[in-house]
Structures are given as C-alpha cells and as structure tokens.
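# Can you look at this prediction? I've put the sequence above it.
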Amino acid sequence: MRRAAPPLLLSGPTRYAGLAQRHAQILLALLALAALLLLGRPGMEPPQPGDGGDVALASTIVENIRHGGAYYPVAADARRDAGLPLRPFTRFALPTLPIVAAAVPSPLFAAMLALLAGAVGVAAWVRLHPWLGRRRVAALLLVAMLIAGLAPAGPMALALLPEMWAGLLLALALLVRRPGRWVEASALALAAALLCETAAPALLLMAVLAWRDGDRREAIGWALALGLFMVVLGVHAQAVARLLRDSDLAATGGWSHLGPAYAVRALAQATAATGLPGGPAALLMLLAMIGWTALVDPLAERVAAILILYAAMLALTARIGQVEAAAIAAPLALAGLIFAVDGLRDLVLAALDGRRITVKRVVR
C-alpha cells in the first residue's frame, strides 16, 4: 500500500489517501468536468436569498398578526393582495416562525437568530478543530470559513425567512449528533422542519444513514420525528384548505430542471461567497463539498450528504429564482474548503501513483 503523505492542514490523512489509482483518476476527471461546467458558459444566475419578495410578504404577515390577526386568514389575504397563488398548500409557510416573530420585538428576534448562528459557530469549532492539530493557519482559516457560512444570518431582514432558522438548527443538529447520542439532534432537526418544511428531507436522509450504519434505534427515532412532522403538515394543509376560495390562484408552471450548475451557484449564494461572480463562487462551493467528502468523520459524511441532497433538490425541483432552500444546507458548507486542501492533494497523489510491483523468480 502507498504510504500516506504528511498532512498539510489536517492532523491526519484524508479518505482519499488510500484510494486506488484508477478510482482516483476517474474522480479527478469528474471534478475537472464539473469545474468546466461551473466556469464555462454562463447560465441563469440565482438571486440572493430574500430578493424574490418573500421578506416583504413575511413582514406584512407578521405586522398583521401583531395587530390581532390570526395567521392563516392574514397569510391568505396577504397572498391575495400580492396576486400570489394560494394553491397548493405548500405556498403557505408553516405558522411557527411568523407567530414567534409577531410575539417579540424585531431587534430581539434578529438577535435570537444571531445568537443561534453564534452557537452553531462554537459547536462547529469544538467538533472540527481537533482535525487541525496545532496548525494556527488552519485554525484561522476554519474560523474565517465558519464566519463566511454563518454571516447571512446577520441581516435583520433575513430573520423572517424560515430557511435561515431551519438551516442553522439543522447544522446544530448535525454538530451535536454522535454515535449513540441522537435524541438532541433529532429534536433540533424536527424543530427545523416545523419552521420550514423544506428541511424535512434531511430527517429522512438521517434515518437512512442511521439504518445503513446498523443503528436501528436511531433510525427509528429519526423516522418518528419525520412522522410527527407529517402529522403537523397534514394539520397545516387542512387549515389552508378551509380558507381557499374558488377564485384563488393556483401555481402554474414556474418549475424547471435548472441543472447542477444553477444548484451549486445557489448554494454559494446562500453564503458570504455572494461577493464573487457566479462561476468562481460555485467552484468554491464544489471544492467545499469535496472537502467534506474527504474528511474521515461521521459528521463530515452527513454534511456532505446534506449538501448533495439539497443541490439535487435545487437542480431538479426548484422554482425559477427560488434559492432560499439553499440556505438550509449552507451554514457549514464553506468549512469544507479547509479539508479540501489535503483531500485534493491526496487525490492527486493517488492518481499519479505509478509504482509497479516487480516479482522476480529465483531458480536454485
């Protein structure tokens, strides 16, 4: 077996250090193809989260609730006044976040989101910094990448987007989960889904990963959390149905297979990489995803799976211009760039490993 090269930023070898040469070459070719796709002909550029009018609509709903309105009638009237479709019921956000936002002052509500982002940053540091050993440069880079991933939670206006809260709660769930300790994680992930139904696929993914790892109890726990969410979603659907009129608009069209390039760019837009052009920002996100796949850690495996899941969802089912769902997977994404340095180095070394074993037969 090839001897692993000394690590650059990490305290140990990555998953790609022992990869077979042929597999490493195929993976590098796929990465080069993906990079060309992201940097090649410019396609549709996703907007930044909140640019589609969702913040203004949520603000109107919250203000009307503060003045004594009930969520569902208020939300229905706001959508009618804005000329937005009311069908299907998924066009209505779950009532959890608007009701909480209406109950507390706006500055305090935004501060709560910032505190949640800070908690995610601290938890991420605790979980990830042991992988960096005593390398100060790597530690500083990790802090910078965590800040870049969590920075979008700072603006007060975005605090009304349920995807921002759901993404942070899901990230915290991934960070607190450990083998044999999943109750707190499933509770946090369920809270994320109850704020934004787009977080629910992550519960199913976690159940599948737990079942694959042989932890049946954890898999059942995640499945129960998903089942409880489905019950709440059913109640939500019935509440919306009671308010609908025959004249209410239904969503028509607007769905498109936007492709993987748009999806990765949308993930990049949900972080502080928005200052970069679409292609380079998307390339950074691709490298970050590779970095999470390189780290030999159950946390890294789950973060990578979440990123791939939501990239696929955005590529296949996102409405044109909708990027808020990317915020659910984005908070921890850029931290993968730290792991990508060693991961890509190990992958290249594995692909270039041309050693041959020579067998000599000695006749006596």
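Right, received. Where do you want to start?
# For my notes, confirm residue 335 occurs in a strand.
No. When DSSP: H, G, I helix; E, B strand; the rest coil is applied, residue 335 is found to be helix, with no strand at that position.
# how many other residues sit next to the nearest residue to it once chain neighbours are set aside?
Once flanking residues are discounted, residue 335 sits nearest to residue 145: 4.7 Å by Cβ to Cβ, 6 or more residues apart in numbering. Heads up, the C-betas are built off the backbone N, CA and C, glycines and all. Residue 145 is flanked by 24 other residues according to other Cβ atoms under 10 Å.
# same thing with the one 4 residues further on?
Residues contacting residue 149 under the criterion other Cβ under 10 Å number 28.
# ok now do it, which residues does it touch?
Residue 149 makes contact with 271, 272, 330, 331, 332, 333, 334, 335, according to Cβ atoms under 8 Å, 6 or more residues apart in numbering.
# try residue 171
120, 124, 331, 332.
# Can you add secondary structure, pLDDT and distance to residue 22 and give those residues back as TSV?
Compiled in TSV, these are given as follows (DSSP: H, G, I helix; E, B strand; the rest coil; pLDDT from 0 to 100; distance: Cβ to Cβ, whole Å):
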residue	secondary structure	pLDDT	distance to residue 22
120	helix	94	39
124	helix	94	35
331	coil	91	36
332	coil	92	32
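# how about the residue nearest to residue 335, secondary structure?
helix.
# Verify the stated contact: it with residue 340.
No. The criterion here is Cβ atoms under 8 Å, and residue 145 misses it with residue 340 at 10.4 Å.
# follow-up on the earlier one: which of the contacts of residue 171 are buried?
Using 16 or more other Cβ atoms under 10 Å as the burial test, the contacts of residue 171 include 120, 124, 331, 332 as buried.
# For the chain, give the helix that spans the most residues.
Counting residues, the longest helix in the chain under DSSP state H turns out to be helix 216-241.
# any idea of the mean pLDDT for it?
Per-residue pLDDT over helix 216-241 has a mean of 95.
# starting at the chain centroid, how far to the helix or strand that it is followed by?
Elements were assigned by DSSP states H and E; along the chain past helix 216-241, the next helix or strand is helix 259-269. The gap between where helix 259-269 is centred and where its chain is centred comes out at 12 Å by Cα atoms, centre = their mean, to the nearest Å.
# now swap in stretch 135-150 and tell me
On Cα atoms, centre = their mean, the centre of stretch 135-150 falls 18 Å from that of its chain.
# same question for that stretch, mean pLDDT?
The pLDDT scores in stretch 135-150 average 84.
# Numbering from 42 from now on, please.
Got it, the first residue is 42 from now on, which makes the last one we talked about stretch 176-191.
# can you pull the buried residues of it?
Along stretch 176-191, these residues count as buried under the neighbour rule (16+ other Cβ under 10 Å): 176, 179, 180, 182, 183, 184, 186, 187, 189, 190, 191.
# Return the subset of those residues lying in helices.
Using DSSP H, the buried residues of stretch 176-191 in helices are 179, 180, 182, 183, 184, 186, 187, 189, 190, 191.
# Throw those into JSON lines and include distance to residue 125, thanks.
Formatted as JSON lines, those follow (distance: Cβ to Cβ, whole Å):
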{"residue": "179", "distance to residue 125": "47"}
{"residue": "180", "distance to residue 125": "46"}
{"residue": "182", "distance to residue 125": "43"}
{"residue": "183", "distance to residue 125": "41"}
{"residue": "184", "distance to residue 125": "41"}
{"residue": "186", "distance to residue 125": "37"}
{"residue": "187", "distance to residue 125": "36"}
{"residue": "189", "distance to residue 125": "33"}
{"residue": "190", "distance to residue 125": "31"}
{"residue": "191", "distance to residue 125": "30"}
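# wait, which of those is closest to residue 206?
residue 191 (12.6 Å; Cβ to Cβ).
# Now for that closest one: which residues touch it?
Applying Cβ under 8 Å, 6+ apart, we find residue 191 in contact with 158, 159, 161, 162, 209, 372.
# which residues does residue 342 contact?
Contacts of residue 342 (Cβ under 8 Å, 6+ apart): 250, 333, 334.
# Likewise for residue 72?
By Cβ under 8 Å, 6+ apart, the contact list for residue 72 reads 327, 331.
# Residue 201 too?
Counting by Cβ under 8 Å, 6+ apart, the residues that residue 201 touches are 96, 99, 100, 103, 138, 139, 142.
# Spatially, what comes nearest to it if we skip its sequence neighbours?
Nearest to residue 201 is residue 99, by Cβ to Cβ, 6+ apart, at 4.0 Å.
# Can you verify my assumption that the one you found contacts residue 202?
Yes. Counting by Cβ under 8 Å, residue 202 is a contact partner of residue 99 at 6.9 Å.
# Go ahead and confirm residue 103 touches residue 139.
Yes. Taking Cβ under 8 Å as the definition, residue 103 is a contact partner of residue 139 at 5.4 Å.
# Low-confidence regions, the protein specifically.
Within the chain, the segments meeting pLDDT under 70 span 42-45, 81-93, 292-300, 313-319, 358-364, 395-405.
# A strand includes residue 49, no?
No. Using three-state DSSP, the assignment for residue 49 is coil, not a strand.
# can you give me phi and psi for residue 222?
Main-chain dihedrals, residue 222, degrees, to the nearest 10: phi -130, psi 90.
# Buried residues in stretch 332-348, which are they?
By 16+ other Cβ under 10 Å, the buried positions in stretch 332-348 come out as 332-336, 338, 340-348.
# among those, which are in strands?
The strands in this structure, assigned by DSSP state E, contain none of the buried residues of stretch 332-348.
# Which members of the residues you listed define the maximum pairwise distance?
So, those by Cβ to Cβ: farthest apart are 335 and 347, at 15.9 Å.
# Perfect, I'm done here.
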